[in-house]
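Visitor: 3D model of this:
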Amino acid sequence: MSGVFISYKRENLAAVGRLVEALRAESIGIWWDQDIPPNAAWEATIERELTAAKLVIVAWSPAAVASDNVKAEARWARGQGRLLQVFVEPCDPPLFFGERQGVDLKHWAGATSDPEFQRVLAAVRQGLESPPAPSDAAVLSDTPLPLPTKPSIAVMPFANVSGDPEQEYFADGMVLEIVEALSRIRSIFVIASGSSLSLKGKGVGAQEAARLLGVRYVLEGSVRKGGSRVRIGVQLTDATDGAQIWTHRFEDTLEDVFALQDRVALSVAGQIEPTIQQAEVQRASSRPTENMGSYDPYLRALALFRVYAKAETLQAADILDRAIALDPDFGLALSLAASCHYTLFAFGWATDPELTRRKGIDLAHRAVKAAGDDASVLAGAAGPVGSLEGDGQAAAALVERAIALNPGSSRAWMYGGLVHLRAGESDLAVEHLETSMRLEPMGPNRTIQLSLLGIARFQQRRFAETISLMKESVQRADHPPAYLHLAASYGHLGQIDAAREALARYRTLTGVSDDLLWRGFDGAYKQLALEGIALAEGNGPGGAPADETP
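Guide: Predicted structure coming up:
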């Protein structure tokens, strides 16, 4: 490989021309489409030069962002580790490119002494001097790599089973997008796409690939095209025993290839995170408890917390205290501990409510400080910050930051729903919660997803839907908020016997006053809830059922 390939749109010919001229003046070998000879095969020439280049400069502008060709060249370069981004006009880069550092040339007039051009020049020289990628022989070493300390995954080259050679590009691009989406999940170690794609066509199975790449989990996939539609199948394997722990199939049109790749990548990331987490929880639960670090206790506490019962939540909080003592900066443990104290306080299970509230706030702030770039940590801290501290703006900022870091995090969208519920913004809450449920349609967060969506429907006075959602939620976990909303919803609908039964169940699960769960929420929502409880107790105006708004 040698030289630099320039990817751009013709609308930016003048700005890119200045860059080409300045780099060539510094003895940098440049190729761009202005070098294509007359009558040459245009596409074949571009493909040959792109694959031969050691570095690819992508000049972003609104026109480039809208160009399928520029995006395809940028995705390929990113997958090969050869990408250098510059911005010649104001624009937002495509999804998964914004977090990568680029050089601002929007106001560059062509002077080689300009600091921004010098940044480009330094990056180009570094890229040209970097060592080549490992050879296939190095990748296929006989020596297995050690497993990382956290869950690890490799995304294998997707099989093209459509019989259409053009789909090879789509299949490889799908791998790149999924790796990029997974890399946003800080709790998972993800093998770079260049390493996994180097195994393409070598007949390496999932377990052998895991051994060679040093990972526990392997994601495989296939792409089949039929007419204007494409079917993408994926499966996740635990390489320790070869067990298949998750499969899914996506079907869509090929009208917008890159939008389809983005949708599939986000969906896969959203479902893989909780699936791997649950597998790790089960693995930790089967191991002895002695002489462990902080990660296994965290997983054990997570399993207990998801029961949403008093004894298990107290036990989880105790385990997390020990895990945090071993690692005071373990963001996930700090965030989960804050959630435990929030639950103990809100559900009336704390022996010292004020101490529990203050400790939950402190743990949430420590979590954010320890792991400020981890979307799961930020999302988990948002609940205690908003509910225990009463700082709705700070909670909303945490959620927004979490979603920006990892738009495929179902947990971040779920807590975004909670933040909007507290502000009385039920429509926005529904959007966040439905996104969370699309990203994670099955999994351990389902109990809370259902419960929060039920609260949103309650705020919208859709009491029958609230009842349906809360019933499904309590089938998974017998938790107080669901029963209180059931009682209020039944009360508004005039189903007094069912309302009283739900209210009695709530009061057996917690010893606090009925209005505790409404504290800190929007006033109109709280009033609606208290009116429903009053109706359930026969204290409403005439005991007449409320009209339900469709």
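
Visitor: where along the stretch 301-450 of the chain do the helices fall?
Guide: When assigned using DSSP state H, counting those that start in this stretch, the helices of the stretch 301-450 of the chain occupy the ranges 310-326, 331-346, 353-370, 375-387, 392-405, 410-422, 426-439, 446-459.

Visitor: Gln80: which of the ones you listed is closest?
Guide: With respect to Gln80, and counting by Cβ to Cβ, the nearest of the helices of the stretch 301-450 of the chain is helix 392-405 at 24.8 Å. Every C-beta, even on glycine, is put in place using the N, C-alpha and C of the backbone.

Visitor: angle of the longest helix along the chain against helix 331-346?
Guide: Criterion DSSP state H: the longest helix present in the chain is helix 257-285. Orientation note: helix 257-285 sits at an angle of 80 degrees relative to helix 331-346 (axes from the mean of the first three to the mean of the last three Cα atoms, to 10 degrees).

Visitor: Show me which positions of helix 257-285 end up buried.
Guide: Buried positions in helix 257-285, judged by neighbour count with 16 or more other Cβ atoms under 10 Å: 257-258, 260-262, 264-281, 284.

Visitor: Figure out how far that helix is from the centre of its chain.
Guide: In terms of Cα atoms, centre = their mean, to the nearest Å, the centre of helix 257-285 is found 8 Å from the chain centre.

Visitor: now for it, which elements pack on it?
Guide: Under the contact definition 3 or more Cβ pairs under 8 Å, 6 or more residues apart in numbering; DSSP states H and E, helix 257-285 sits against helix 68-80, helix 167-182, strand 217-226, strand 229-238, strand 243-253, helix 295-305, helix 410-422, helix 426-439.

Visitor: Please name whichever of those is nearest to Pro62.
Guide: Between Pro62 and these, the tightest spacing by Cβ to Cβ is seen for helix 68-80, at 11.2 Å.

Visitor: Quick one: distance of the closest one to the chain centre.
Guide: With Cα atoms, centre = their mean as the basis, the mean position of helix 68-80 lies at 22 Å from the chain mean.

Visitor: Next secondary structure after it?
Guide: Following helix 68-80 in sequence order, the next helix or strand is strand 83-87 (DSSP states H and E).

Visitor: Can you check what angle separates that next one from helix 68-80?
Guide: Angle between the axes of strand 83-87 and helix 68-80 is 140 degrees (criterion: the same axes, to 10 degrees).

Visitor: Which strand or helix spans Cys484?
Guide: Heads up, residue 484 is Leu, not Cys. helix 480-492.

Visitor: Give me the buried stretch members for that helix, please.
Guide: By 16+ other Cβ under 10 Å, the buried positions in helix 480-492 come out as 480-492.

Visitor: and the next helix or strand along the chain from that helix with helix 480-492, angle?
Guide: Heading C-terminal from helix 480-492, the first helix or strand you meet, by DSSP H and E, is helix 496-509. Angle, helix 496-509 to helix 480-492, by the same axes, to 10 degrees: 160 degrees.

Visitor: Who are the packing partners of the next helix or strand after helix 496-509?
Guide: On the C-terminal side of helix 496-509, the nearest following helix or strand under DSSP H and E is helix 523-536. With contacts defined as 3+ Cβ pairs under 8 Å, 6+ apart, helix 523-536 has these neighbours: helix 446-459, helix 480-492, helix 496-509.

Visitor: Now find how far off-centre helix 523-536 is within its chain.
Guide: When C-alpha coordinates are averaged (Cα atoms, centre = their mean), helix 523-536 and its chain have centres 35 Å apart.

Visitor: so what pLDDT did Leu95 get?
Guide: As predicted, Leu95 sits at a pLDDT of 61.

Visitor: What of Ser228?
Guide: For Ser228, the model assigns a pLDDT of 78.

Visitor: cool, the one 3 residues further on as well?
Guide: Arg231 carries a pLDDT value of 86.

Visitor: for it, which residues make a bridge with it?
Guide: According to DSSP bridges, the partner residues bridging Arg231 are Arg224, Glu251.

Visitor: A helix includes Ala22, no?
Guide: Yes - remark: Ala22 belongs to a helix, assigned using DSSP: H, G, I helix; E, B strand; the rest coil.

Visitor: angle of the longest helix of the chain against helix 426-439?
Guide: 80 degrees.

Visitor: and the angle for helix 257-285 with strand 243-253?
Guide: Compare the direction of helix 257-285 with that of strand 243-253 by the same axes, to 10 degrees and you get 160 degrees.

Visitor: one step back: can I get the helices and strands packed on helix 523-536 in a markdown table with mean pLDDT and distance to Leu212?
Guide: Below are those laid out as a markdown table (pLDDT from 0 to 100; distance: least, Cβ to Cβ, whole Å):
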| stretch | mean pLDDT | distance to Leu212 |
| --- | --- | --- |
| helix 446-459 | 94 | 36 |
| helix 480-492 | 93 | 47 |
| helix 496-509 | 92 | 51 |
